Every structure is written in structure tokens, then in C-alpha cells.
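Engineer: Next come a sequence and a model predicted from it.
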Amino acid sequence: MENQTPKTSNNKTIYIISAIALVLIAAVLVLYLNNRKEYQAVVEELTEEKVLLTEEFQTLALDYDSLYSNNDTLNLQLEQEREKISHLIEEIKTIKATNSSKIREYKKELASLRGVMKSFVVQIDSLNQRNQELTQENQQYRNRYNKVQSSFKELEKQKEQLVEKIEIASQLETYNYEIQGLNSKDRSTKKARNVSKIRVCFTIQKNITSPIGEKLIYLRIMRPDEALLVQTLEDKFEYEGEEINFSSSRVIEYGGEELDVCVFYKADEGELLSGTYTADLFADGYNIGTAEFELK
């Protein structure tokens with residue numbers, strides 16, 4: 001009997017320890033289950049918050065898509081913001097819902113983008129209002145233009161007539177012609193076979209309406225057989241919309257006053273014929289004089 005007493009005491013101790021262990025395990029299990037339940041609730045809340053945040057960004061993207069202006073610079077800025085929002089939406093989809101710090105950053109970015117959008121709305125409204133004002137002003141100007149259009153056309157017609165008269169008045173005129181054939185010693189001769197140069201001298205009349213400065217005088221000499229005397233076929237000038245050859249040319253300095261001028265043509269041996277020649281002078285695109293002379 002004495003030996004059974006300690007054994008019974010030990011069994012009681014084991015029972016007590018086991019009971020305490022079971023209680024502790026049960027408490028830990030209950031605590032774990034409660035914490036897991038709370039964690040799942042937090043995850044679900046964060047997941048829902050992520051979904052809502054994504055939807056808000058998508059809504060913001062639609063709001064940006066509805067914005068448009070007639071200003072190219074502003075449209076470029078809008079497009080940059082649209083691309084930025086699109087990238088952020090893709091980034092949000094890739095992050096974990098439990099990454100609360102990132103979620104907070106995206107919320108701040110969302111608020112910032114909304115503020116930027118409000119600024120765009122104000123600018124677009126201001127531009128639209130200004131465009132309306134400009135449209136009204138443009139219509140007023142158009143009405144005024146329509147009222148004076150017929151008068152303007154009449155003034156243009158009068159202007160064209162005046163310009164034409166001025167152009168006619170500004171044309172140079174020549175007189176006092178003296179045309180001679182010169183031999184190799186620069187002596188005057190009438191014999192065609194002896195002429196080595198033709199000298200065409202004339203006087204340009206005074207003309208205060210003609211532009212002053214350098215002028216290029218062109219000389220065309222037609223032989224009796226109506227062949228043009230030329231040094232080279234590349235010598236051309238424009239007259240009445242066409243490129244025509246000239247026999248000789250000279251640059252003069254014209255100041256609006258009367259001016260004596262001589263132009264020379266160097267003839268090749270055997271080039272000249274007996275008969276009547278015609279000399280035409282041109283300047284500023286006009287024929288400024290014609291004269292005839294004889295060689296025997």
C-alpha cells in the first residue's frame with residue numbers, strides 16, 4: 001500500500017499538466033483562428049480598396065478622354081496625362097493588395113491627377129469662352145468686310161489701272177538716233193564688207209517716274225534678210241514672257257535725267273549684207289525704241 005501512494009500522486013500531476021496543456025493549445029488555437037479571421041478580413045478590405053482604386057483611375061482616364069481643346073500644346077499635355085494614367089492602371093494591377101504603402105502612394109497620385117484635370121478643365125473652358133468671343137468678333141469683321149468688299153474691288157480695279165498708267169509712264173523713251181558702221185580703224189563707212197563694228201547711239205529722254213539705278217540695255221539688229229545678228233545663241237533676255245536673243249547689251253546708270261548712250265555690235269567677217277537694217281532697243285522688259293539704217 002505504501003508503494004501505490006507516490007504512483008497515484010504522479011498520475012494526478014500528469015493529468016493536471018495535460019489538462020493545462022490542452023487548455024493552452026485550445027487558447028492558442030482560438031487566438032490563431034481569430035487572428036486568421038481578422039487577417040482575412042483585412043486582406044479582403046485591402047483587395048476591395050485596390051479594386052476601387054483601379055476603378056477610380058479608369059474613371060479618371062475616361063474623364064481625361066472627354067477633354068479636348070483647339071490648342072495643340074494643351075492637347076499634347078492631355079495626351080501625356082492619359083498615357084501616365086494608363087501606365088498607373090497597369091502598375092496597380094501588378095501590386096499585391098497587402099502592399100498598403102503602395103496603395104497610399106497611388107491614392108496620392110490619384111488626388112494629384114484629379115487636381116491637374118481640374119486645371120485642364122479651367123483652361124479649356126477659358127479657351128472655349130475666348131474662342132466664342134473670337135468667333136463673334138470674326139463674324140463682326142466678316143460683316144464689315146462684306147460691306148466694303150464691293151468698294152475694295154472697285155479700288156483694286158482703280159489701283160490696277162493706276163499701276164498700268166504708272167508702268168506706261170515709267171517706260172524709257174529714246175530719240176536722236178545715230179547709227180554708223182565702223183571699219184577696223186573705227187572710221188565711219190557705209191560699205192557692208194568693210195564694217196567690223198556697228199555703233200548705235202541714241203538719247204534716253206528724261207523720265208522722273210522710271211526707277212533709277214543700273215539698267216541693262218539690250219540691242220537687237222535685224223539684217224535685210226530678217227536674220228538676227230548674234231554673238232552667241234546663249235545671249236538671251238526675257239521679253240513678253242519669252243526668252244529671245246539679243247545682238248549686244250550694255251549696263252548704264254540712269255538717274256532720271258536725259259542720257260546719251262552708245263551700244264556696239266562686233267560683226268564677223270562676211271556677216272553683213274547690203275540693204276536696210278533694223279535696230280531695236282529694250283530695257284526693263286519694254287521695247288524703248290526702233291531705228292533703221294543702210295549699208296551698201
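Structural biologist: Looks like it came in fine.

Engineer: so where do the strands sit in the stretch 151-296 of the chain?
Structural biologist: Assigned by DSSP state E, counting those that start in this stretch, the strands in the stretch 151-296 of the chain fall at 174-182, 188-189, 197-204, 213-222, 236-239, 242-245, 248-254, 259-266, 275-283, 286-295.

Engineer: bridging residues for C262?
Structural biologist: Judged by DSSP bridges, the bridge partners of C262 are C201.

Engineer: coming back round to it: can you add mean pLDDT and mean neighbour count and give the strands of the stretch 151-296 of the chain back as JSON lines?
Structural biologist: Backbone N, C-alpha and C define where each C-beta goes, glycine included. Output for the strands of the stretch 151-296 of the chain, formatted as JSON lines (pLDDT from 0 to 100; neighbours: other Cβ atoms under 10 Å):
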{"stretch": "strand 174-182", "mean pLDDT": "92", "mean neighbour count": "17"}
{"stretch": "strand 188-189", "mean pLDDT": "92", "mean neighbour count": "14"}
{"stretch": "strand 197-204", "mean pLDDT": "93", "mean neighbour count": "20"}
{"stretch": "strand 213-222", "mean pLDDT": "92", "mean neighbour count": "18"}
{"stretch": "strand 236-239", "mean pLDDT": "92", "mean neighbour count": "14"}
{"stretch": "strand 242-245", "mean pLDDT": "93", "mean neighbour count": "12"}
{"stretch": "strand 248-254", "mean pLDDT": "92", "mean neighbour count": "14"}
{"stretch": "strand 259-266", "mean pLDDT": "93", "mean neighbour count": "16"}
{"stretch": "strand 275-283", "mean pLDDT": "93", "mean neighbour count": "18"}
{"stretch": "strand 286-295", "mean pLDDT": "92", "mean neighbour count": "16"}
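
Engineer: any chance of these in TSV, plus distance to E81?
Structural biologist: Compiled in TSV, these are given as follows (distance: least, Cβ to Cβ, whole Å):
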stretch	distance to E81
strand 174-182	75
strand 188-189	91
strand 197-204	72
strand 213-222	60
strand 236-239	59
strand 242-245	61
strand 248-254	66
strand 259-266	73
strand 275-283	66
strand 286-295	65
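
Engineer: Tell me which of those lies nearest to V122.
Structural biologist: V122 lies closest to strand 213-222 among the strands of the stretch 151-296 of the chain, at 59.4 Å (Cβ to Cβ).

Engineer: just so I know, which of the strands of the stretch 151-296 of the chain lies nearest R130?
Structural biologist: That would be strand 213-222 among the strands of the stretch 151-296 of the chain, by Cβ to Cβ, at 49.5 Å.

Engineer: who touches that closest one?
Structural biologist: By Cβ atoms under 8 Å, 6 or more residues apart in numbering, the residues outside strand 213-222 that reach it are 172, 198, 200, 228-229, 237, 244-254, 261, 263, 265, 277-284.

Engineer: So which of the strands of the stretch 151-296 of the chain is nearest I85?
Structural biologist: Checked against Cβ to Cβ, the stretch from the strands of the stretch 151-296 of the chain lying closest is strand 236-239, at 63.5 Å.

Engineer: Can you list the strands that that closest one pairs with?
Structural biologist: Here strand 236-239 has these sheet partners by DSSP bridges: strand 242-245 (antiparallel).

Engineer: chain center to the partner strand, what's the gap?
Structural biologist: The chain centroid and the centroid of strand 242-245 are separated by 37 Å, computed with Cα atoms, centre = their mean, to the nearest Å.

Engineer: Stretch 192-204 too?
Structural biologist: With Cα atoms, centre = their mean, you get 56 Å for stretch 192-204.

Engineer: where are the low-confidence patches of this protein?
Structural biologist: Within the chain, the stretches with pLDDT under 70 are 1-11, 18-19, 21-24, 26-46, 50, 95-100, 145, 148, 150-152, 154-170.

Engineer: residue ranges of the helices in the protein, please?
Structural biologist: Using DSSP state H, the helices assigned to the chain run over residues 4-65, 72-94, 100-170.

Engineer: before we move on, back to that, point out the one among the strands of the stretch 151-296 of the chain that comes closest to L88.
Structural biologist: strand 236-239 (67.1 Å).
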